[in-house]
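Trainee: Fold the following and give me the result.
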Amino acid sequence: MRRNVHEHAQSLPAEAQPGRELPKGLGITTPGAKRFWKTWSTAPQTAAWTETDWAELELTAKLVDGLFKGDLKLAGEIRQRVAKWGATVEDRARLRMTFDKTDENESAVPSEAPPEVDMDEELYKLLNGS
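Mentor: Next up is the predicted model:
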């Protein structure tokens, strides 16, 4: 057990959360933005979210939809927003965010099969003008 845990450290469950349905009223149309919603709405970080956090996810999903429609100027704003949620290892270290370890007897194998299509293909085409 670590003795030098910071008083504001966050320890979150390692497993995916139940998530929420993408609100139809947002008008999200791109597959990339729909994947973004699904990824973040079920992320372990959401275990501690309040309604204001979910509202931020809705706003950010709209920005992501705009990005996938070709507005690349939105990328920086999206990156700043997801950093506040602990999107990368570096972000989580800065936020002092850790995930609880799974029990050694539990399987570490994901419950869903990996997608057969490269999920970044849509973004690659967008960035390369294809």
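Trainee: So residue 81 sits against residue 58, correct?
Mentor: No. Counting by Cβ atoms under 8 Å, residue 81 does not reach residue 58; the two are 11.3 Å apart. No exception for glycine: its C-beta is placed from N, CA and C like everyone else's.
Trainee: And the strands in this structure?
Mentor: 10-12, 97-99 (DSSP state E).
Trainee: need the least confident one among the ones you listed, by mean pLDDT.
Mentor: Note on these: lowest mean pLDDT is at strand 10-12, with a mean of 60.
Trainee: what's the weakest-modelled helix or strand in this protein?
Mentor: Every helix and strand of the chain was ranked by mean pLDDT, DSSP states H and E. The lowest is strand 10-12, at a mean of 60.
Trainee: Which residue is the nearest non-sequential neighbour of residue 28?
Mentor: Nearest residue to residue 28 in three dimensions, chain neighbours excluded: residue 65, at 4.9 Å (Cβ to Cβ, 6 or more residues apart in numbering).
Trainee: Relative to residue 121, how far out is that neighbour?
Mentor: 17 Å (Cβ to Cβ, to the nearest Å).
Trainee: Between those two, which has more neighbouring residues?
Mentor: Each of residue 65 and residue 121 has its neighbours counted (other Cβ atoms under 10 Å); residue 65 has more, 21 against 12.
Trainee: Check the gap between the more buried one and residue 48 for me.
Mentor: Distance from residue 65 to residue 48, by Cβ to Cβ: 25 Å.
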